[in-house]
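Engineer: compute the structure for the input listed below.
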Amino acid sequence: MGTVIAKFRCEWLAGAVLACVILPVSGWGVTESITDNFVATATTIQGNGGTGARLNAFALQTMTPAVYVGSVAALNGSSLTDTQATWGDQQFSDTNGLHYVEFESGLMADITQTLGLTKTLTLAGSLPVAPAVGSTFTIHKHLTISDVFGSTNQAG
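Structural biologist: Residues are numbered from 1 along each chain as shown. The predicted structure is shown next:
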């Protein structure tokens, strides 16, 4: 009896290994696409009642739209000034959610305070490479889990 069980286990294992090698070749697949704004996947679903393959797609926005675009007038340590700014106090910080600034060089930094009177943003820390005066920056709101599912998980 022990030889029959051992033979069955060996045949089952060989069949499982063969299935793992053949199934990916048979057309099942996942395609992933990543851009600056979205991450998307598409999965081909085989054998759905004889009507052929169907495609299941899921996409999630990864970058929120720009809420402000400005120009660097001065950058001292962790303070960025834009003399043309029209923002109000705490517009990009505090209870208005987490925001970050992205410079045209690709460098990014979180915003910890927004001051309307002095037209200054306080960044989370000093930048490793200071963007040049006159260079463009964009402010985006961080995408959070509650933005996707709702603050009380309304999406389920």
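Engineer: what about T144, neighbour count?
Structural biologist: T144: 12 surrounding residues under other Cβ atoms under 10 Å. From N, CA and C alone the C-beta is placed, and that goes for glycine too.
Engineer: all helices of the protein, in order?
Structural biologist: Ranges of helices in the chain, per DSSP state H, are 2-22, 145-149.
Engineer: mind listing what's buried in the last one?
Structural biologist: Residues of helix 145-149 classed as buried by neighbour count (16 or more other Cβ atoms under 10 Å): none.
Engineer: mean confidence (pLDDT) on it, please.
Structural biologist: Here helix 145-149 scores 77 as its mean pLDDT.
Engineer: report pLDDT for G77.
Structural biologist: 86.
Engineer: how about the contacts made by it?
Structural biologist: By Cβ atoms under 8 Å, 6 or more residues apart in numbering, G77 lies in contact with S126.
Engineer: on that earlier part again, rank the helices of the chain by pLDDT, which is bottom?
Structural biologist: Lowest mean pLDDT within the helices of the chain: helix 2-22, a mean of 46.
Engineer: pull up the distance across stretch 89-103, start to finish.
Structural biologist: One end of stretch 89-103 sits 21 Å from the other (Cα to Cα, to the nearest Å).
Engineer: list of residues touching it?
Structural biologist: Contacts with stretch 89-103, where a contact means Cβ under 8 Å, 6+ apart, come from 67-68, 72, 80, 108-117, 121-123, 131, 135-142, 144.
Engineer: could you list the buried residues of it?
Structural biologist: Q91, F92, S93, H99, Y100, V101, E102, F103.
Engineer: where is pLDDT lowest across the residues you listed?
Structural biologist: Lowest pLDDT among the buried residues of stretch 89-103: S93, 91.
Engineer: which among the contacts of stretch 89-103 count as buried?
Structural biologist: 68, 72, 80, 109, 111-115, 121-123, 131, 137-141.
Engineer: circling back: out of the buried residues of stretch 89-103, which comes closest to M63?
Structural biologist: E102 (9.1 Å; Cβ to Cβ).
Engineer: still on that earlier bit, restricted to strands, list the contacts of stretch 89-103.
Structural biologist: Among the contacts of stretch 89-103, the ones falling in strands (DSSP state E) are 67-68, 80, 108-115, 121-123, 136-141.
Engineer: give me the low-pLDDT residue ranges for this protein?
Structural biologist: Within the chain, the ranges that satisfy pLDDT under 70 run 1-61, 155-156.
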